[in-house]
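Engineer: what follows is a predicted structure for the sequence shown.
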Amino acid sequence: MSKLGQAKRIIFLKTADGQLFEVDEPVAMEFEIVKSFFDENEDAADDTVVPLPNVSAEPLAGIIEFCKAHVEFRANGAAGKDEVKKFNAEYIKEKSNEQLKELILAANYLNIKEMLDFLTETIANRLKNKSVEYVRAFFGIENDFTPQEEEAVRKEYEWAFEGVDED
Amino acid sequence: MSLLPEGCIANVISCTTPRDACRLSLVSSIFKSAAESDAVWERFLPPEYQSIISKSSPCPPSSSSPSSLLCLPSKKELFLSLCDHPILIDDGKKAFSLDKQSGKKCYMISARDLMIVWGDTPTYWRWTSLPGTRFQEVAELICVCWLEMRGKISTCILSPGTHYTAYLVFKLTAGSYGFECQPVEVSVGLVGSESQKRSVYLDAIRGRRMQYRLGRRVGLFNRSRSLGWQASLPRENDDHHPKERGDAWLEVELGDFYNAGDEDGELEMSILEVRAGDWKGGLIVQGIEIRPKQ
């Protein structure tokens, strides 16, 4: 951890597609996976590059943007205030379903609790009252049920299939 | 592309509704497994469900103790049981259940827990037990001129952030009278603030038949107008007439209420017919039900 008066420490992260990111330490430490990397390698040199083999550059850039803003909110004592809600709403407004999915996968791998909770709720809101086909397309998931299994589930929860939104 | 782990999917599902969760189990086998997990259904149950169940008693005809619900193999089964089989709370004075679509708390206040004017006078009201009711006793109106019933429920036991509608759950006997063309005044509101009032009919079917007859006999028509008769025909699907509940009882809407959940208060519902003050009888009251607005 950087102490007062010391130069800000920069953490180097390398994505699956080979891009190198330079991230301020407090922001990188939001990622549980990065934090435990340094906890386990206490003598790691300052220019150590942390490999992130499951994350590509695009979602990582989005995650850094989110975490940076939230680290600042906390430093300014704005956590939980309207300012944060406004930022969060703006942040997801332009994100496609595909981007959201990439973000939650990456946030889950990096283990960033606050962002994961936020993305979980955002995705849940996009899935409410949607058809099964819509959700399969959203996650790019194949139906792996046999017709008999599918029929059985549909019958068991008949009441839950009425009046869903148009896709 | 790589798939979300099951725990992550379960977290997403637990931020939806019980209805969404059931539907999402059809997406794929990993979704089904996540959607049926205890982690998800624990979130749909009200936070205090264990204490509600431990203080409850069985609803007739069931005689098994509701505490056996806590031993059910999954939280989903527990949830669905609380939707389909209400349990009695508050010394049997209220019935508790969950709304299957949303998981919100629903209550029925028994007739015994209502304030009924003349309710203890056997010439006016009698207390009987009927099969197919949630409570030991129901109230049967023999005859009164002054009909007044009030029910109260504390808002802190309702689900927060929820629009509720209150209903009178009742039946009419074959010989009921006095409700055909006479509306009753009903209201819902917090004690100490202005309540929302409206007029409803308890006897729609006979009211309609009567109106037809009266309409043809012009002389009577005028008289009925002076008694507060409303000229419009009762329509199907309006909220001013009773509907069949599917359990052989009728219900009529008393009004609705938004429970923000940020302050404690007492919600009061009332049913009144004291204006015309004619004799009326043959009304059987099971109670007042409060459930989320559809």
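Structural biologist: Looks like it came in fine.

Engineer: which residues of chain A fall in helices?
Structural biologist: A:25-28, A:32-40, A:57-75, A:82-93, A:97-110, A:113-127, A:132-139, A:147-156 (DSSP state H).

Engineer: kindly reformat those helices as TSV and extend each row with mean pLDDT.
Structural biologist: Converted to TSV, these look like this (pLDDT from 0 to 100):
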stretch	mean pLDDT
helix A:25-28	94
helix A:32-40	93
helix A:57-75	95
helix A:82-93	93
helix A:97-110	93
helix A:113-127	95
helix A:132-139	93
helix A:147-156	93
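
Engineer: chain B is nearest to which of the ones you listed?
Structural biologist: With Cβ to the nearest Cβ, the closest approach to chain B among the helices of chain A belongs to helix A:113-127: 3.3 Å. For glycine as for every other residue, the C-beta is placed from the backbone atoms N, C-alpha and C.

Engineer: what residues go with each domain of the chain?
Structural biologist: Picked chain A for this. With automatic domain parsing as the criterion, the domains of chain A are listed as A:10-127, A:131-167.

Engineer: not quite, go with chain B.
Structural biologist: B:1-44, B:92-292.

Engineer: the last one vs chain A: in contact?
Structural biologist: Yes - if you take Cβ under 8 Å from any Cβ of the partner chain as the test, domain B:92-292 does meet chain A, through B:K100.

Engineer: what about that domain, start to end distance?
Structural biologist: The separation between the terminal residues of domain B:92-292, taken as Cα to Cα, to the nearest Å, is 22 Å.

Engineer: now the strands for the stretch 1-150 of chain B?
Structural biologist: Ranges of strands in the stretch 1-150 of chain B, per DSSP state E, counting those that start in this stretch, are B:87-89, B:94-98, B:105-110, B:115-116, B:125-128, B:138-141, B:147-154.

Engineer: tabulate these (TSV), appending distance to A:V55 and mean neighbour count.
Structural biologist: As requested, the strands of the stretch 1-150 of chain B are exported to TSV (distance: least, Cβ to Cβ, whole Å; neighbours: other Cβ atoms under 10 Å in any protein chain shown):
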stretch	distance to A:V55	mean neighbour count
strand B:87-89	49	21
strand B:94-98	40	24
strand B:105-110	42	24
strand B:115-116	64	16
strand B:125-128	69	15
strand B:138-141	64	22
strand B:147-154	50	20
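
Engineer: dump those to CSV, plus distance to B:E268 and mean pLDDT.
Structural biologist: Formatted as CSV, the strands of the stretch 1-150 of chain B follow (distance: least, Cβ to Cβ, whole Å; pLDDT from 0 to 100):
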stretch, distance to B:E268, mean pLDDT
strand B:87-89, 19, 95
strand B:94-98, 15, 97
strand B:105-110, 11, 98
strand B:115-116, 10, 97
strand B:125-128, 20, 96
strand B:138-141, 18, 96
strand B:147-154, 5, 97
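
Engineer: got JSON lines for those, with distance to B:Q196 too?
Structural biologist: Listed next are these as JSON lines, based on distance: least, Cβ to Cβ, whole Å:
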{"stretch": "strand B:87-89", "distance to B:Q196": "26"}
{"stretch": "strand B:94-98", "distance to B:Q196": "22"}
{"stretch": "strand B:105-110", "distance to B:Q196": "18"}
{"stretch": "strand B:115-116", "distance to B:Q196": "19"}
{"stretch": "strand B:125-128", "distance to B:Q196": "27"}
{"stretch": "strand B:138-141", "distance to B:Q196": "24"}
{"stretch": "strand B:147-154", "distance to B:Q196": "15"}
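
Engineer: need the outlier residue of chain A, farthest from its centre.
Structural biologist: A:Q148 (35.8 Å; Cα atoms, centre = their mean).

Engineer: what sits against that residue?
Structural biologist: By Cβ atoms under 8 Å, 6 or more residues apart in numbering or on different chains, no residues touch A:Q148.

Engineer: do you know how far it is from B:L88?
Structural biologist: 40 Å (Cβ to Cβ, to the nearest Å).

Engineer: and if you look at A:A137?
Structural biologist: With Cβ to Cβ as the criterion, A:A137 and B:L88 are 46 Å apart.

Engineer: which residues in the stretch 101-250 of chain B form helices?
Structural biologist: Under the criterion DSSP state H, counting those that start in this stretch, the stretch 101-250 of chain B contains helices at B:204-216, B:218-226.

Engineer: and these, which one's lowest on average pLDDT?
Structural biologist: Among those, helix B:218-226 carries the lowest mean pLDDT, at a mean of 44.

Engineer: so what's B:L233 scoring on pLDDT?
Structural biologist: On the pLDDT scale, B:L233 is placed at 46.

Engineer: ah, wrong one, I meant A:N41
Structural biologist: pLDDT for A:N41: 87.

Engineer: same deal with B:L26?
Structural biologist: pLDDT, B:L26: 95.

Engineer: B:L69 too?
Structural biologist: Note for B:L69: predicted pLDDT of 87.

Engineer: any idea how far the residue lying closest to A:K113 once chain neighbours are set aside is from A:F12?
Structural biologist: Spatial nearest neighbour of A:K113, excluding adjacent residues (Cβ to Cβ, 6 or more residues apart in numbering or on different chains): A:E32 at 7.4 Å. Remark: distance between A:E32 and A:F12 (Cβ to Cβ) = 18 Å.

Engineer: now do the contacts for the closest residue to chain A within the stretch 101-250 of chain B.
Structural biologist: Per Cβ to the nearest Cβ, B:Q101 is where the stretch 101-250 of chain B lies closest to chain A, at 8.0 Å. Applying Cβ under 8 Å, 6+ apart, we find B:Q101 in contact with B:17-19, B:292.

Engineer: and the closest residue to A:F38 other than its chain neighbours, how far from chain B?
Structural biologist: Setting aside the residues directly before and after it, A:F38 is nearest to A:A44 in space (Cβ to Cβ, 6+ apart), at 6.1 Å. As judged by Cβ to the nearest Cβ, to the nearest Å, A:A44 and chain B stand 27 Å apart.

Engineer: just to check, A:A44 is in contact with A:F12?
Structural biologist: No - using Cβ atoms under 8 Å, A:A44 makes no contact with A:F12, being 10.6 Å away.
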